[in-house]
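Novice: quick one, fold the following:
(one chain, ligands or ions: 1)
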Amino acid sequence: MPSYTAPTRDTRFIINEMLDLESYAELPGFEAASADVTDAVINEGGKFCAEVLAPINQSGDQEGCTRHEDGSVTAPKGFKEAFDQFREAGWGTLSQPEEFGGQGMPHVLGFAFEEFVSSANQAFGMYPGLTNGAVSALLAKGSQEQKEKYLPKMISNEWTGTMNLTEPHCGTDLGMIRTKAEPQADGSYAITGTKIFISAGEHDMADNIIHLVLAKTPGAPDSTKGISLFVVPKFLVEEDGSIGERNGVVCGSIEHKMGIHGNATCVLNYDGAKGWLVGEENKGLAAMFIMMNAARLGVGIQGLSQAEVAYQNAVAYALDRRQGRALTGPAEPEQQADPIFVHPDVRRMLMDAKAFTEGMRALCLWGALQVDLSHKAATEEEREQADMLIGLLTPVIKGYGTDKGYEVATNMQQVFGGHGYIEEWGMSQFVRDARIAQIYEGTNGVQAMDLCGRKLAQKGGAAVQAFFKVVGEDIAEAKGDETLAPLAEAMEKALGQQQAATMWFMQNAMQNPNHLGAGAHHYMHIMGIVTLGWMWLRMAKAAQAALAAGTDDKAFYEAKLTTARYYMDRYLPDAGALRRKLETGSDSMMALGEEAFATAA
Ligand SMILES: Cc1cc2nc3c(=O)[nH]c(=O)nc-3n(C[C@H](O)[C@H](O)[C@H](O)COP(=O)(O)OP(=O)(O)OC[C@H]3O[C@@H](n4cnc5c(N)ncnc54)[C@H](O)[C@@H]3O)c2cc1C
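Specialist: The predicted model follows:
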């Protein structure tokens, strides 16, 4: 059975040393997050995930969810009890607003915990994860009455939440939604239609499920401009907050899927279910985007989480499994063979994984800090800057983070050789679970187009210019330091590749938008590579400061510097190759007609 230990040492390093969270102590919510509190939350959170959630990950995968004839669904054995413990310990309340029963701590802590939950048990983590997304949408767009009615119970995890966008004929193109919302005399709406692929759509882990549903009112425009958002509880909620009648929404079936078997992916049939408008009519997509942006960061963390747990198990295996001899001569001559850890090709995979997971963790936690700063920073200028940067990088965290997370999980499976393909070792589950993160919350192709088609151009390119400026400043500062200078010089070249790719888009994409579509994936990867490099530069700086101050944990900080060098050596050059691909445009890609794709016998 695979094992999991929360990487709390690294998380504490990033939060306390790289981000220096305590330096924000004067901002609201941050005052409570002293280093002591942060460390305690991280250590206890890590323990909870390793001891309670990880042991039911593999059994949950094997058993899956069960739908009964009456449409009810039971989660795998142990999930309900684990969720009871999760709720009682208040883990879901960490970064939620105090006004509705949350602890009001910075999102940095919430994100750190989310990684541990997802590594320990991604399918389980989606129940509270989707609830958090629904909470963000209600917080931003719900009426005061809706907030008071639903938020306290959702934040305490007595109730969970879902997001209902997808229908059988439309996923990416939500303008085609057919679910109807008929206004009723009492101010509610009757919701009718079929939603598919709804994660955590039905289960036995909470007393109520609050569905956020996209639907169209009569006469609404037949496009994304005609979509409205509704809150539709599984059980109606009485005036006094108690649970009332069963609403007209049932689970018609659960999907048989490749992974995340412990999470119920449901077809939900709405048959005149009572719902209430959230925000304004026809502005539902914008409201849902609030939820999706929160969720996209969460999905990026899933990419990291599966890479991390797969990496931990691959390291243990590589140290234990003996095959062949080191190229430089036997490492352990008294044994029949050396551990596979000695082989450079195995080390390549492990180092790629180490450099990605630590870099990605830094990026996710930095991203969480920007979410906090976008609301809480002292000046309007700082709030705007944080908002711009996290808006720009959300598709990168989601798209690059999950593409790479999946690749790393697969490589970690490779370290196991044939045993990686055998279910009992657990590596296959990590690969299968990681795969979905590239698909849902907007496929990664859609993330790339969001980045290149929308975010790059927004406000005349202000966000990407702000990104170039902050990264450029860190590079310039690091160049003045003997140890950091080689890293900074490598980063300067990679940043130059991204700037050139941006310029190429500016000069070529207007005349032929297919050039943008053809290069968007590559651009997203270039930006992912550069951004993780930037995080490595910042980690190297923090590590060097600790070494200069005379730490007694030298090995940890020296490993950071070596891994930073590896990242610059082995990841950054890909930015140049990707840029060259991008600059070939779309001509050869789009030249062939349909008939050329037909298979000739
Ligand atoms: C396990 C699972 C859980 C899910 N959970 C939820 C949930 O909780 N709630 C929910 O509402 N949905 C959920 N989904 C649905 C998911 O978000 C969609 O499957 C996803 O957004 C893609 O939509 P689609 O499957 O219809 O693919 P399509 O939209 O048909 O896309 C097919 C392919 O075409 C590409 N494509 C489509 N349009 C464009 C374009 N304009 N430009 C470039 N490429 C394009 C896509 O990238 C993709 O490769 C879930 C799906 C799964 C499998």
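
Novice: what's the host helix or strand of Arg383 packed up against?
Specialist: Per DSSP states H and E, Arg383 falls inside helix 380-415. Applying 3 or more CB pairs under 8 Å, 6 or more residues apart in numbering; DSSP states H and E, we find helix 380-415 packed against helix 284-320, helix 344-376, helix 427-436, helix 444-449, helix 458-479, helix 513-548. Using the backbone N, CA and C atoms, a C-beta is placed for each residue, glycine as well.

Novice: who in the stretch 301-450 of the chain is up against the ligand?
Specialist: When proximity is defined as CB under 6 Å from any ligand atom, the stretch 301-450 of the chain approaches the ligand at 436, 439-443, 445-446, 449.

Novice: in the protein, what residue comes closest to the ligand?
Specialist: Proximity of the chain to the ligand (CB to the nearest ligand atom) peaks at Gly171, 1.9 Å away.

Novice: next up, the contacts around that residue.
Specialist: Counting by CB atoms under 8 Å, 6 or more residues apart in numbering, Gly171 touches 165, 197.

Novice: let me know the pLDDT of it.
Specialist: Gly171 carries a pLDDT score of 93 in this model.

Novice: of the residues of the stretch 301-450 of the chain next to the ligand - the most surrounded one?
Specialist: Glu441 (28 neighbours; other CB atoms under 10 Å).

Novice: pretty sure that residue is touching Ile397, no?
Specialist: No. The criterion here is CB atoms under 8 Å, and Glu441 misses it with Ile397 at 11.2 Å.

Novice: which residues are common contacts for these two?
Specialist: Residues touching both Glu441 and Ile397 (CB under 8 Å, 6+ apart) are Arg296.

Novice: tell me the residues of the stretch 151-300 of the chain that contact the ligand?
Specialist: 163-166, 171-172, 197-199, 257, 265.

Novice: type out the ChimeraX command that picks the buried ones from these.
Specialist: Per 16 or more other CB atoms under 10 Å, the buried members of those correspond to this ChimeraX selection:
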select :163,164,165,166,171,197,198,199,265
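
Novice: now the residues of the stretch 151-300 of the chain next to the ligand in JSON lines, with distance to Arg87?
Specialist: Formatted as JSON lines, these follow (distance: CB to CB, whole Å):
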{"residue": "Met163", "distance to Arg87": "21"}
{"residue": "Asn164", "distance to Arg87": "23"}
{"residue": "Leu165", "distance to Arg87": "27"}
{"residue": "Thr166", "distance to Arg87": "28"}
{"residue": "Gly171", "distance to Arg87": "32"}
{"residue": "Thr172", "distance to Arg87": "34"}
{"residue": "Phe197", "distance to Arg87": "26"}
{"residue": "Ile198", "distance to Arg87": "22"}
{"residue": "Ser199", "distance to Arg87": "19"}
{"residue": "Lys257", "distance to Arg87": "26"}
{"residue": "Thr265", "distance to Arg87": "22"}
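
Novice: secondary structure added to the residues of the stretch 151-300 of the chain next to the ligand, as TSV?
Specialist: Converted to TSV, these look like this (DSSP: H, G, I helix; E, B strand; the rest coil):
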residue	secondary structure
Met163	strand
Asn164	strand
Leu165	coil
Thr166	coil
Gly171	coil
Thr172	coil
Phe197	strand
Ile198	strand
Ser199	strand
Lys257	coil
Thr265	strand
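
Novice: and the two most separated of the residues of the stretch 151-300 of the chain next to the ligand?
Specialist: Maximum pairwise distance among these (CB to CB): 18.7 Å, between Thr172 and Lys257.

Novice: list the buried residues in the helix holding Arg383.
Specialist: Within helix 380-415, judged by 16+ other CB under 10 Å, the buried ones are 385-415.

Novice: leaving out the residues flanking it, which one is nearest to Glu382?
Specialist: Nearest residue to Glu382 in three dimensions, chain neighbours excluded: Leu373, at 6.3 Å (CB to CB, 6 or more residues apart in numbering).

Novice: contact partners for the one you found?
Specialist: Neighbouring residues of Leu373 by CB under 8 Å, 6+ apart: 24, 27, 382-383, 386.

Novice: now for those: which two are most distant?
Specialist: Using CB to CB for every pair in the contacts of Leu373, the one that comes out farthest apart is Tyr24 and Arg383, at 13.0 Å.

Novice: can you give me the domain assignment for this structure?
Specialist: Here the domain parsing of the chain from automatic domain parsing is 288-443, 453-589.

Novice: is there proximity between the last one and the ligand?
Specialist: No. Shown here: domain 453-589 not in contact with the ligand (CB under 6 Å from any ligand atom), separated by at least 6.6 Å.

Novice: endpoints of stretch 221-236, how far apart?
Specialist: Using CA to CA, to the nearest Å, the end-to-end distance of stretch 221-236 comes to 29 Å.

Novice: pull the distance from that stretch to the chain's centre.
Specialist: Using CA atoms, centre = their mean, to the nearest Å, the mean C-alpha position of stretch 221-236 is found 25 Å from that of the whole chain.

Novice: buried residues, that stretch. List them.
Specialist: Those would be 224, 226-235, for stretch 221-236 by 16+ other CB under 10 Å.

Novice: what's the closest of those residues to Glu423?
Specialist: Here the nearest of the buried residues of stretch 221-236 to Glu423, counting by CB to CB, is Lys234; it sits at 33.8 Å.

Novice: next, the contact list for that closest one, please.
Specialist: Contacts of Lys234 (CB under 8 Å, 6+ apart): 202, 208-211, 246-247, 249.

Novice: report pLDDT for it.
Specialist: Listed pLDDT for Lys234 reads 98.

Novice: spatially nearest residue to it (excluding sequence neighbours)?
Specialist: Counting by CB to CB, 6+ apart, the residue nearest Lys234 is Ile209, at 4.2 Å.

Novice: so what does the one you found look like in phi/psi?
Specialist: Here is the backbone geometry of Ile209 (degrees, to the nearest 10): phi -130, psi 130.

Novice: for Ser253, name its beta-bridge partners.
Specialist: Val267 (DSSP bridges).

Novice: show me what contacts it?
Specialist: Neighbouring residues of Ser253 by CB under 8 Å, 6+ apart: 67, 266-267.

Novice: relative to Glu583, how far out is the residue located most distally from the centre of the chain?
Specialist: What lies farthest from the middle of the chain is Glu334; by CA atoms, centre = their mean that is 45.9 Å. The spacing between Glu334 and Glu583, counted by CB to CB, to the nearest Å, is 55 Å.

Novice: for Met351, same thing?
Specialist: 29 Å.

Novice: what does His203 give?
Specialist: Distance of His203 to Glu583, given as CB to CB: 49 Å.

Novice: helix 427-436 and the helix-or-strand element of the chain with minimal mean pLDDT, what's the angle between them?
Specialist: Between all helices and strands in the chain, the lowest mean by mean pLDDT, DSSP states H and E belongs to helix 284-320, at a mean of 92. With axes from the mean of the first three to the mean of the last three CA atoms, to 10 degrees defining the directions, helix 284-320 sits at 160 degrees from helix 427-436.
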